[in-house]
Structure formats: C-alpha cells, structure tokens
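[1] here you go, sequence then predicted model.
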Amino acid sequence: MDARIRVDQLRAALGSAAIALPINLILSGICAAVAWHAGHTLLALIWLAASLAVAAARVSLLRRAREMPSGTPADVERQLRGLWVITLAAGLVWAMLPALCALYTAPQSLFFLAVGCGITAGAVSHGGAYARVPIAFITPPIVSSALALLSVGGFDRNMLAATMAIYLAALIVTARRAEAAFRGASALGHRLAVVNGSLEAAHACAQASASEMRHRADHDHLTGLLNRAGFLRAAAVQIDAESAPKCLMLLDLDGFKAINDVFGHAAGDAVLVEVAQRLRRELPDAVLLGRWGGDEFAVLLAADAALTAPLALADRLIAAVAAPYPTFGTIARVGLSVGVHLAHGSAMPEMLCCADLALYAAKSAGRNRCHVFGDDLRTALELRRDIERDLPAALGNGDVSVWFQPIFGDGGTRILGLEALVRWQHPTLGWITPPDLMATAARAGFARSLMDLILDRVCCMIVALRARGFDHVTVAMNVSPREMSQLPVDRMILSALAERQLPPAALEIEITEETALDTTSCARKMAALSHAGIRIAIDDFGIGYSSLSLLRTLKVDAIKIDRCFVSGLSGSNGDQVLVKALLNLGQSLRIDVTAEGVESLEDLRMLRTFGCQMMQGYHLARPMPMTQCLAFVADAHTQAVPPNDDGVHRLAG
C-alpha cells in the first residue's frame, strides 16, 4: 500500500513540477528584465542563466519519469529524491532575489517581495502531494529574504523578517498537512480499488458459477449431452422460433441391461459415453440431441412431410450403435430401437407421447429397428387416454375386479393352483387387457391402488380356499417390472399375509424375465419374499433374455413356458424340441414347469407324452370370477374320477 501511495505522490509531484515549469520561466524572465532595467545587468544575466539551467534539469527529469509507473519502489524513491534536489536548486536560485534589489533597499524591492511571496505560496498550494518538494523550494528564498531584511536593519524590516519567518512556518505546516491528506486520500482510493476489484472478481466468479450451474442443470454429467430438462427447454425454443415441421425421435438401447449385469455399471457408463459420441458424429450440428434418461436418448430435427431424411438418419443411427464395441469384442452387442413422430405445430408433450408409443412399437416388433407413429398408434393413444381418464373412477366404484384361472397338475387332472388376473370391462371400450390396465395404472399414478386391490382379492381367495379345505391349492399373482421397481412389493405382500394370518407358502409371485434381469432393483425384494416362504415363478419363460444363473440366483421355484411355444405344439417340431428341453431343465433343477396356453386336446396329449405335469389354458379352464372359481374347484374335487377317453376330466363349469 505504501509503495502505491508513493507512486501517486510522485505522479502528483511531477504534475505540479510540469505546471510550475513555465510559470517559473516566465517569472524568472520578468525578474531579470526588472533587474536589467534597474541597471543590474550582470546580476540579471546570472539570474536568468541559473533559472534556465534549473528549468533544463526539470525537463530532463520529467522526460525520464514518463515511464515511472512501471518502475520498482526503489526507482520511485530515486525519482522523488531527484525531484527534491532539482526543486532545492530552484529554491536556491530564487534565494538570489534580494541581490537583484540591493537587499530590498532599491525602489524595485516591493516588486521582488511580492513575486517571492507569490511563488512560494503557489509552490505550497500546488505541491502538497509530497511536502519535501515545496518545502525545499520555499525555504531558501524566504530565509534569504529574511536575512537580507535583518542585515539592513530597522524596525519595519525586522518586523517584516519576523513575519516572513512565521510565513515560512505556516507554509511548511500547510505542506505537511496537504501531504498527509493526499496520502490518506490515496490510501482510501487504493482500498476502494481493492474492494472494487474484489467485488468485480466476486461478480465474475458468481457469473461463472451461475453459468456453470446452468450448464450442469441442462447437461448430463456422464455424456455431456443435454439432459431431459435441458432438451425440453432447447426444443421449446426451436419449436417457438421455427414454423417448419419437426421430427422427434426417441432412442432406446437394446441389450444394455445385459451389459450392466455382466460387465458392471462402470462398463455400462463407458458404453453410454461411446453411444453418445457415435450419435453426435452421425447427427448434423443443427440437430438437437439429448440423453432422455437411463439408456434413452432424444433427437429433434427439421423434417419434410415424407420423412425421407429422418428415416435415413434413423437407419444410420441404428447402424452406428450396432457396430462392435472394442471393449467387449464379440461378447456383447448393443442395439437401438427408434420411435419417430412427425409434427407440425404440436406441443412438446404431445410429440413425446406419440414418439414414446412409436418406440414401444419398435421394441415390440423385435427391437433394433425404427417405427413411425401412424394412424394405428394414434388409435392406441386415444384408447390409452380413455383408459387413463376412466381408471380412477373404475377403481373407486369397484368396476375393476380380479378373476382366477385354474392351474392343473398331475398331467392336467388335478387343480393345484389359481392365477389371479385383473379384469375391467370398460363401458365403451369393452374388456381391457391386463397389460394395458397395469401399464395405464402405473402411468396415471394408480399402481399402488391397483396392487392393493389385487393383493386383497388374492388374500380373500386364499382364505376362502382354506376355509373349504383346499389348503393344497396355491394362488399366484403377477408383479410387473414397474411395480417391482417402484413399489415396496415385499413389504406390501408380507404385511397383507400377516394381517390375515395366512401362510406365505399359499402364495406364488409370478415375475417376467425382464423383471428377473433387473437384479439391482428386484433382487432384495425377491430375496425377502423367497426367504419368507413365498414361491417365485418366472412367467412367459423363453421369450426374453433369462440366463440359467438367474434361476439359481433368485431361487426360482417354477417357470411357466410361454403360450407361444405351447399353442399349436402338435404342429411345430421346433416348439416341441424347445418344450422338451425346458421340461428336462426343470426336472434337472427340480423346478416346477407349467405349460401355458393349452388350447387343444392335441396339445394336451403331446404335453402328457413329454411328461409335463403342470398345465394351464382355455382347453382346461378359462378365467372366472372368484365365486364361480371356488365352485369350479369344489366341483373338480368331488369329481375325482379317472380321465375320459379324450384324456380330460369333465369338470363342471
């Protein structure tokens, strides 16, 4: 701080010296002219020469000091000392004034006294930044004038000499106070500059932090792409700014869960980063790309009515993602399903809904392909919206019910279980399929309400069976992947059984292969249910991606062969081979195997030939309401007779 103040003092002192230089030269010339006119020619010439010499020294010092601000503190001190020396020399020149007027006895004395007092007062008033400089200038002329007056003598001159001494003291005090005030103002200015600099730095830092926070809020930390919120904001800006048709693509990776399960989440993250880079390379700069969440991405681009360019782009994206990944070689493959929606003037929520349906259709059609939202999906969308609109009232009014379909053992001759199937007959749409009903309930936020309803009906059925002496008949209920991941399924089921004091072995939970693969979210819940004694079955086995290790990891008690392999079994050699293999697998692992979709006598006979003991299908019994199903079970129990020639019991109902 002191060094900065010294620099300010030097700058001010040099400025004052530059201002005083022409004034000194003019006054020196005037004083020389007056002395010359008074007949003191030699003294006038000497005076003028001395004044010019000092002025030349000042000019030289000012030139050297122009680049002073970049100097070191030592340079500043040298500059100040040099200025003090030159100013002292100037003061000594002005101390010769008494000689120009015969020690103030000549008629010109009053002129020279006035000039001397004026120039010394001016030196103090203009040079207060550094007191030593004006003091060095005023002291010699005032002291010499006082001494000259004292040497001549006389009361008036003595009093004038005393006055000049007081005048000198006052000027010295004024100079020192002016320097103190200047140093204080300089220090305050520098402190304010520091504060302002800190405020500016803080402001810049706050702006940078705000910018970084905005970037983080809008971008995915893993891939660097826009996240869901950032994509929606950028898409809204594009849609509002341009009236041209837009194409929205939703992209979902196929087989990504297998990467996570087999190689770990770190490898899965590496795949996501690589996929993001591949997508970015294939997309033009103007196309909006974001990570929608998990293993899903979103693309927004301009499109023509024929969708020629977007469909070609979708094919390129599918090919780029399907290319081998060096980290995994040929062990793992990743595919891409794409849902495409062309919109003109549609709001973003509508576009997303349509593209999502198209994506679901692409995955249902076999994955690793592109599907465009069309009239067929528009009808499905309207159906879904009708269901979502009317489902809350249906749940509240009791219009949603649970039916039960018998599961037969002993080659289809004895009822060993019941499968609970949710049913809803919409007033205008008719019967709503269980998958559509459960998916709609999950989207509309009624998944738990529906789960509670199904669980209550299942428990009521178990109570009714045990009251009638059918303790050997178990009841199975389906749990979807979304329910397993989003709901505390284990606590809900165990609490419901404990509340009614029902044995866990009376209940069986059927999960899909997709649920079984999602081990991170369902393993703990399934382990809790299995540990409590509840049976675990994998439904629709054979159409997903299950591995044999999952059957042991999840402690599966049963598998159900999907109906697509059983229906029409007698006419398909390939299905026969697969069914026999699954039956042998179940026997080897001591896992019950149930054949779903037994629709004909021929299929039933062939399953018996293969040694299949557990069966389910319309040929044996259809789903029915609880009261009718209880009567059916009771009737089947009382009709314990050998099978007829067609190989099937004639059961009532």
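    The structure has been received and is ready for your questions.
[2] hey, which helix or strand in the chain has the poorest pLDDT?
    Here the helix or strand of the chain ranked lowest by mean pLDDT, DSSP states H and E is helix 513-517, holding a mean of 58.
[3] and the next helix or strand past that one?
    helix 519-532 (DSSP states H and E).
[4] CA atoms of the helix or strand following that next one as CSV?
    The helix or strand immediately downstream of helix 519-532 is strand 535-541, counting by DSSP H and E. In CSV, the C-alpha atoms belonging to strand 535-541 read as follows (Å, rounded to 0.1, in the frame of the first residue of the first chain):
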residue,chain,number,x,y,z
ARG,A,535,-43.0,-69.3,-4.2
ILE,A,536,-41.3,-67.4,-7.1
ALA,A,537,-42.2,-68.2,-10.7
ILE,A,538,-40.9,-66.7,-13.9
ASP,A,539,-43.8,-66.1,-16.3
ASP,A,540,-43.6,-66.2,-20.1
PHE,A,541,-40.3,-68.1,-19.9
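[5] and the lengthiest helix in the chain, how far out from the chain middle?
    Across the chain, the longest stretch assigned as helix under DSSP state H is helix 155-218. What separates the centre of helix 155-218 from the centre of its chain is 46 Å, taken as CA atoms, centre = their mean, to the nearest Å.
[6] could you check the angle helix 155-218 makes with the following helix or strand past it?
    The helix or strand immediately downstream of helix 155-218 is helix 228-241, counting by DSSP H and E. Angle, helix 228-241 to helix 155-218, by axes from the mean of the first three to the mean of the last three CA atoms, to 10 degrees: 90 degrees.
[7] what packs against the helix or strand following helix 228-241?
    Counting by DSSP H and E, the next helix or strand C-terminal to helix 228-241 is strand 246-254. Applying 3 or more CB pairs under 8 Å, 6 or more residues apart in numbering; DSSP states H and E, one finds that strand 246-254 contacts helix 228-241, helix 265-282, strand 296-302, helix 308-322, strand 335-343, helix 348-364. Yep, even glycine has a C-beta here, placed from its N, CA and C like the rest.
[8] who's in contact with the shortest one?
    Contacts of strand 296-302 from elsewhere in the structure, counted by CB atoms under 8 Å, 6 or more residues apart in numbering, are 225, 228, 231, 235, 238, 242, 244-253, 275-276, 279, 283-284, 286-292, 309-310, 313, 317.
[9] among the residues you listed, which ones are buried?
    225, 231, 235, 238, 246-253, 275-276, 279, 283, 287-292, 310, 313, 317 (16 or more other CB atoms under 10 Å).
[10] quick one, which of the helices and strands packed on strand 246-254 is nearest to Q639?
    helix 348-364 (41.7 Å; CB to CB).
[11] okay, angle between that closest one and strand 296-302 too, please.
    Using the same axes, to 10 degrees: helix 348-364 against strand 296-302 is 120 degrees.
[12] report the inter-axis angle for helix 348-364 versus strand 335-343.
    Using the same axes, to 10 degrees: helix 348-364 against strand 335-343 is 140 degrees.
[13] where does the stretch 201-350 of the chain have low pLDDT?
    Low-confidence segments of the stretch 201-350 of the chain (pLDDT under 70): 305-308, 327-332, 345.
[14] distance check, the residue of the chain most remote from its centre against A266.
    In the chain, counting by CA atoms, centre = their mean, G154 sits farthest out from the average C-alpha position, at 94.2 Å. Going from G154 to A266 by CB to CB, to the nearest Å gives 107 Å.
[15] and what of P481?
    From P481 to A266 the distance is 24 Å (CB to CB).
[16] neighbour count winner among the two?
    Per other CB atoms under 10 Å, whichever of P481 and A266 has more neighbours is P481, with 18 against 9.
[17] pLDDT wise, what is the more buried one at?
    On the pLDDT scale, P481 is placed at 76.
[18] alpha carbons of stretch 13-31, as CSV, please.
    Provided in CSV are the C-alpha atoms of stretch 13-31 (Å, rounded to 0.1, in the frame of the first residue of the first chain):
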residue,chain,number,x,y,z
ALA,A,13,4.7,16.0,-7.7
LEU,A,14,5.8,15.6,-11.3
GLY,A,15,2.5,17.0,-12.4
SER,A,16,3.0,20.0,-10.2
ALA,A,17,6.5,20.4,-11.5
ALA,A,18,5.3,20.3,-15.1
ILE,A,19,2.7,23.1,-14.3
ALA,A,20,5.3,25.2,-12.3
LEU,A,21,8.0,25.0,-15.0
PRO,A,22,6.5,27.5,-17.5
ILE,A,23,5.4,29.8,-14.6
ASN,A,24,8.9,29.8,-13.2
LEU,A,25,10.4,30.5,-16.6
ILE,A,26,8.1,33.5,-17.2
LEU,A,27,8.6,34.9,-13.7
SER,A,28,12.3,34.4,-14.0
GLY,A,29,12.4,36.3,-17.3
ILE,A,30,10.3,39.2,-15.8
CYS,A,31,12.5,39.4,-12.7
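[19] who touches that stretch?
    By CB under 8 Å, 6+ apart, the surrounding residues in contact with stretch 13-31 are 47-48, 51-52, 54-55, 58-59, 61-62, 65, 68, 79-80, 83, 87, 90, 93, 97, 100, 112, 115, 119, 122-123, 126-127, 129-130, 133.
[20] may I see the buried residues of that stretch?
    Quick answer for stretch 13-31 (16+ other CB under 10 Å): 13-14, 16-17, 20-21, 24-25, 27-28, 31.
[21] let me know the closest of those residues to V321.
    L14 (72.6 Å).
[22] quick revisit: okay, the helices and strands packed on strand 246-254 in JSON lines with distance to I509 next?
    Output for those, formatted as JSON lines (distance: least, CB to CB, whole Å):
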{"stretch": "helix 228-241", "distance to I509": "33"}
{"stretch": "helix 265-282", "distance to I509": "27"}
{"stretch": "strand 296-302", "distance to I509": "28"}
{"stretch": "helix 308-322", "distance to I509": "35"}
{"stretch": "strand 335-343", "distance to I509": "29"}
{"stretch": "helix 348-364", "distance to I509": "25"}
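[23] of all these, which one comes closest to D575?
    Comparing these by CB to CB, helix 348-364 comes nearest, at 20.9 Å.
[24] by contact count, what packs against the closest one?
    By 3+ CB pairs under 8 Å, 6+ apart, helix 348-364 packs against helix 228-241, strand 246-254, strand 335-343, strand 370-372, helix 375-397.
[25] V173 is nearest to which of the ones you listed?
    helix 228-241 (69.4 Å).
[26] between the closest one and strand 246-254, how many degrees?
    Going by the same axes, to 10 degrees, helix 228-241 makes 160 degrees with strand 246-254.
[27] give me the contact list for helix 228-241.
    217-219, 226, 246, 248, 288, 290-293, 298, 300, 348.
[28] show me which positions of that helix end up buried.
    So helix 228-241, judged by 16+ other CB under 10 Å, has buried residues 230-232, 234-235, 238-239.
[29] am I right that R367 falls within a strand?
    No. Under DSSP: H, G, I helix; E, B strand; the rest coil, R367 falls outside any strand and is assigned coil.
[30] below-threshold pLDDT in the stretch 351-500 of the chain: ranges please.
    For the stretch 351-500 of the chain, no range has pLDDT under 70.
[31] in contact with S600, which residues?
    567-568, 570, 619.
[32] same question for L251.
    279, 292, 296-299, 317, 336-339, 359.
[33] lovely, talk soon.
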